[in-house]
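Q: okay, sequence plus prediction incoming.
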Amino acid sequence: MIRQSKFVFVVANQDIVFEEFDGEYVILNLASGEYHAVDGSAALIWKLLMDGVCPKSILDTFEAHPNLRVNQIEAFVANLVSKGLIKASDGLDDKVLPNDGKAELLALTTAPKTDMFDDLADLILADPIHDVEEEAGWPVRKPE
């Protein structure tokens, strides 16, 4: 599916937020309290996907990769989808990978992976700042 289309990925919903810290991304699911750490090859692929690069363009680069295989990248992307972090967008795009992006991908030496943590889930879910009525503010909770 990923290689057959020119769609792009977007975050799955408004509860998914992410931030880059020194080349590593932390992806937080505000609805579940789970957070994911991606670094190295995973961080680069995440960045490219969130920049709107067509996943087909990314996968095509791995056809010529000396160490990594297309199926490793497809498995990583499928894992992001199955965890509810990303989804295919409604629109199509044919934004291709820039040459410097290709060089970065070809320089990767390890397969991408995401590490999921839920040790702070209780605190994240109890976060009153993200769970308030926008007009009234804290401490007025959103109606259920």
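A: Ah, there it is.
Q: how close does the most centrally placed residue in the chain sit to G23?
A: Centroid check for the chain by CA atoms, centre = their mean gives W46 as the closest residue, at 4.7 Å. Distance, W46 to G23, by CB to CB, to the nearest Å: 11 Å. For glycine as for every other residue, the C-beta is placed from the backbone atoms N, C-alpha and C.
Q: likewise V77?
A: In terms of CB to CB, V77 sits 20 Å off from G23.
Q: wait, a helix at K87?
A: No: looking at K87 with DSSP: H, G, I helix; E, B strand; the rest coil, it is strand, so not inside a helix.
Q: hang on, isn't it packed against V77?
A: No: applying CB atoms under 8 Å as the test, K87 and V77 come out as separate, 11.3 Å apart.
Q: any common contacting residues for the two?
A: F9 (CB atoms under 8 Å, 6 or more residues apart in numbering).
Q: so who does K87 touch?
A: 9-13, 81.
Q: between the residues you listed, which has the most around it?
A: F9 (22 neighbours; other CB atoms under 10 Å).
Q: residue boundaries of the strands in this structure?
A: Along the chain, counting by DSSP state E, strands occupy 7-11, 16-21, 24-29, 35-38, 86-92, 115-117.
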